[in-house]
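# predicted model and sequence below, questions to follow.
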Amino acid sequence: MLELTSVIVPTFNRSGYLVQTLESLLAQTLPPAEIIVADDGSSDDTPACVASFGGRVRYFRKENSGKADTLNQALPMVRHPLVWIMDDDDIALPGALERLTALISGRPEISIVYGRYDRFRIDPQSGAVQRFNDGGYWREVSSESFLHATLQDFFVHHPGMLVRKRAYDEVGGFSLKYPRLEDYEMLIRLAQGRSVIGTQETIFLQRQHDGVRAGSLLDEAARVARWRSEEQALFTALYSELPLSDYLPVWTNHSNSCLPTHLRRQALIARSVVMGRKSLWELAFADLKAAADLGRDMPLIQSERNMIREAFFSKYGCPEIVTDRQIARRLLALAESGRAGADIARAFGRAHFWFIRQSLQQARPAQAARLSLRSARLLFAL
């Protein structure tokens, strides 16, 4: 028997988008057992729009306090074992809930199931729908590697996830500390020590638009800057709070205190990559140095080299590799510390090839030449 789902739709001043979202939920091939619209104090016609759906939608309204607090007030209201949080500007595809429910029903050991998304935009003048069909920043990973991949980048969003209510109860409420990435912070907590499985099927369409988002930021550059700032604050905290073993690309039952040397070095490298992808290079180099010191005469294995190259390819790129010469100086210092440090430097040197090629494509020969010299120095260190 398929388990029942409660859908929560937090909303604030998006009545037009909200109506489309609710229509997509009510059109599911497997209807949700209940839909809860949690109104964060909207000043538009949201109450009237929701009322037009009659008893098919539960509605409650609260004083404006942000999305995280709205979700925290809505979660205790759900009546069913599975929870689907749907953003008020996205569209669920018709078979989404049926597919996700089939993956999790009768499997109590699974806490989260998730699927892909596509982005779309509606031209405000013509009304034409443009669907990008690019999967956003999707990554195909194994269940054992889900937390590791999520720490590197946020690629699974709540409208694409079905989560057991008990998992939310176990980890506690959404954090009020990170209003731009409360969903990312929650997903990291949910993924720790829980079974997660995914599907390659597209679950929802993520709307791209220029309306007001969290923090009342209209400009895309300002939104990205706010996101990056909060992300760095979150990962600075995680650096000391999250067990080192959780950064390993494959789950292990070793605790921090009993990680064997080879796994400890891999975990240090893995955490340095995460911190580098967040542009937290002080923390990244602390781990790279510790990894080099831990196995000073142990050459890097191929998986560790591959891991290091991942530091460059987050969704935001890695411009500081080109602009910050202090990074190169630190890498050269690592190269002089022993065999492991030299291998780390060489892995960074090889990764420079992509930036060199990009500089040439952008007709920046001087930059390409400078990066080529830096790459050569790293490759032939020691």
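That came in fine, so what should we check first?
# and Arg119, what pLDDT?
Looking at Arg119, its pLDDT is 89.
# beta partners of it?
Per DSSP bridges, the residues bridged to Arg119 are Gln206.
# right, and it touches Thr202 too?
No - with contact defined as CB atoms under 8 Å, Arg119 does not count as touching Thr202 (10.8 Å). All C-beta spots, glycine's among them, are computed from the backbone N, C-alpha and C.
# low-confidence stretches in the stretch 51-200 of the chain?
134-136 (pLDDT under 70).
# which residues touch the closest residue to Glu63 other than its chain neighbours?
Leaving out its chain neighbours, the residue that sits closest to Glu63 by CB to CB, 6 or more residues apart in numbering is Gly41, at 5.2 Å. By CB atoms under 8 Å, 6 or more residues apart in numbering, the residues touching Gly41 are 12, 61-65.
# which among those count as buried?
Among these, those classed as buried by 16 or more other CB atoms under 10 Å are Phe12.
# closest to Gln367 out of the contacts of Gly41?
Checking the contacts of Gly41 against Gln367 by CB to CB gives Phe12 as the nearest, at 44.1 Å.
# which one is that closest one nearest to, not counting chain neighbours?
Using CB to CB, 6+ apart, the nearest residue to Phe12 is Asp40, at 4.3 Å.
# just confirm that neighbour contacts Ile8, I think it does.
No - in this structure, Asp40 is not within contact of Ile8 by CB under 8 Å, at 12.0 Å.
# burial of the nearest residue to Leu288 once chain neighbours are set aside, as a residue count?
Once flanking residues are discounted, Leu288 sits nearest to Ser272: 4.9 Å by CB to CB, 6+ apart. Ser272 has 26 neighbours, counted by other CB atoms under 10 Å.
# so what's the model's average confidence on stretch 330-350?
91.
# what comes up buried for that stretch?
330-332, 334-335, 337-349.
# could I get the CA-only coordinates of it as CSV?
The C-alpha trace of stretch 330-350 is given here as CSV (Å, rounded to 0.1, in the frame of the first residue of the first chain):
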residue,chain,number,x,y,z
ARG,A,330,50.7,28.3,-0.5
LEU,A,331,50.7,25.5,-3.0
LEU,A,332,54.4,25.9,-3.7
ALA,A,333,55.0,25.8,0.0
LEU,A,334,53.0,22.6,0.3
ALA,A,335,55.1,21.1,-2.6
GLU,A,336,58.3,21.6,-0.5
SER,A,337,56.8,19.7,2.5
GLY,A,338,57.2,16.2,1.1
ARG,A,339,55.9,13.7,-1.4
ALA,A,340,52.2,14.1,-0.4
GLY,A,341,52.4,17.9,-0.5
ALA,A,342,54.1,17.8,-3.9
ASP,A,343,51.3,15.5,-5.3
ILE,A,344,48.7,17.9,-3.9
ALA,A,345,50.5,20.8,-5.7
ARG,A,346,50.6,18.8,-9.0
ALA,A,347,46.9,18.0,-8.8
PHE,A,348,46.2,21.7,-8.6
GLY,A,349,48.7,22.3,-11.4
ARG,A,350,46.8,19.9,-13.7
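# run through who's touching it.
Taking CB under 8 Å, 6+ apart as the rule, stretch 330-350 contacts 265, 269, 285, 288-289, 291-300, 304-305, 308-309, 311, 374-379, 381-382.
# for Val7, which three-state class applies?
Using DSSP: H, G, I helix; E, B strand; the rest coil, the structure places Val7 in strand.
# same check, this time on Asp87
coil.
# now Gln28
Taking three-state DSSP, the label given to Gln28 is coil.
# filter the buried residues of stretch 330-350 down to the ones in helices?
Counting by DSSP state H, the members of those that fall within helices are 330-332, 334-335, 339-349.
# now, the most widely separated pair of these?
Of all pairs in these, the most separated under CB to CB is Arg330 and Arg339 at 17.7 Å.
# for stretch 41-55, buried residues please.
42, 46, 49-50, 53.
# is it possible to export those residues to JSON lines including secondary structure and distance to Thr101?
Below are the buried residues of stretch 41-55 laid out as JSON lines (DSSP: H, G, I helix; E, B strand; the rest coil; distance: CB to CB, whole Å):
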{"residue": "Ser42", "secondary structure": "coil", "distance to Thr101": "30"}
{"residue": "Thr46", "secondary structure": "helix", "distance to Thr101": "28"}
{"residue": "Cys49", "secondary structure": "helix", "distance to Thr101": "27"}
{"residue": "Val50", "secondary structure": "helix", "distance to Thr101": "25"}
{"residue": "Phe53", "secondary structure": "coil", "distance to Thr101": "22"}
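# do you know how far Asp44 is from Glu185?
According to CB to CB, to the nearest Å, Asp44 stands 28 Å off from Glu185.
# what of Arg357?
Arg357 is 35 Å from Glu185, by CB to CB.
# ok, the two, which is more surrounded?
Of the pair Arg357 and Glu185, Glu185 is the one with more neighbours under other CB under 10 Å, namely 20 against 12.
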